[in-house]
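>>> sequence and predicted model, in that order:
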Amino acid sequence: MGLVVLGAIGLYLLISVAVVVGAIGYARKHGKKVWRWGGGAALVMYLIPFWDWLPTVAMHRYYCSTEAGFWVYKTLDQWKVENPGVLETLPAPSLAGSPVKYEQFDGGHGQTDTYLLNERFNWAVSQRDISRLLPIIRIAQEVKDAKKNEVLARYIDFATGNSVKDTVGPPGPLKFWLRDQHCSGGGSNQDALRKFRDNFYGSKK
């Protein structure tokens, strides 16, 4: 895949050079301003692959600064005080893993995988396309008390460079410069959420 991407980039550079040279030659032949035609052609060839780079970076930073983070609404100790002796009665998942409930929404631009940790707790992992135009995905993970429908902890992050609806199409691997898996500190927040989740698995029998 890497060789294919490098080959595509090399071919596009050659085409771009040819277009700019052709525009300059046309300008000279017809007495037009060379810098305007050459610069305009170069700008067009630049924008074809990179038009969405700056908007994507700007919107990613905006969402990261306004929505991303990790929050604990109720600790394990607090939950135990409200539900004495209950956690010890809950079985931990088997070696085969937790059962999963899969849901799509927003015409395939969103999906939620809900992992049933035990009879009481769920771990919901959601992804949703923020925009149909820019490749930005909103990621949300929650640990829930399913019986009370209560969120105990939440992690929100934003990734760029792909789409929930079309994970293999463009921009995908072709526009690798758009790819960013997390907001700043997002990886640490994800680890914190998963560490929190592990406390609610229950007791191994």
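Cool, got the structure. Residues are numbered from 1 along each chain as shown.
>>> so what are the domain limits for this structure?
If the domains of the chain are taken from automatic domain parsing, they occupy 1-51, 52-198, with pieces of a single domain joined by a plus sign.
>>> now do the shortest one, average pLDDT.
The average of the pLDDT scores along domain 1-51 is 86.
>>> buried stuff in the strand or helix carrying Leu54?
Per DSSP states H and E: Leu54 is located in helix 53-66. Taking 16 or more other CB atoms under 10 Å as the neighbour-count basis, helix 53-66 is seen to contain the buried residues Trp53, Thr56, Met59, His60, Tyr63, Cys64. All C-beta spots, glycine's among them, are computed from the backbone N, C-alpha and C.
>>> re earlier: pick out the shakiest of the domains of the chain, pLDDT-wise.
For those, the stretch scoring lowest in mean pLDDT is domain 1-51; its value is a mean of 86.
>>> residue farthest from the centroid of the protein?
With distances taken from the mean C-alpha point of the chain and given as CA atoms, centre = their mean, the most distant residue is Gly31, at 49.7 Å.
>>> counting neighbours, what do you get for the nearest residue to Leu116 once chain neighbours are set aside?
When the adjacent residues along the chain are set aside, Leu116 lies closest to Pro99, with 4.5 Å between them (CB to CB, 6 or more residues apart in numbering). Using other CB atoms under 10 Å, Pro99 is surrounded by 11 other residues.
>>> distance between the ends of stretch 60-75?
Terminal residues of stretch 60-75 are spaced 30 Å apart (CA to CA, to the nearest Å).
>>> wait, a helix at the residue farthest from the centre of the chain?
No - under DSSP: H, G, I helix; E, B strand; the rest coil, Gly31 falls outside any helix and is assigned coil.
>>> quick one, what contacts the residue nearest to the spatial centre of the chain?
The C-alpha lying nearest the average C-alpha coordinate of the chain belongs to Ala159 (CA atoms, centre = their mean; 2.8 Å). Ala159 makes contact with Ile136, Ile137, Ile139, Asp180, Gln181, His182, according to CB atoms under 8 Å, 6 or more residues apart in numbering.
>>> shouldn't it be within a helix?
No - counting by three-state DSSP, Ala159 is not found in a helix; it is strand.
>>> so what sits opposite it in the bridge?
Beta-bridge partners for Ala159, by DSSP bridges, are Ile137.
>>> how near is it to Gln181?
5 Å (CB to CB, to the nearest Å).
>>> next one: Ser98
Counting by CB to CB, the gap from Ser98 to Gln181 is 23 Å.
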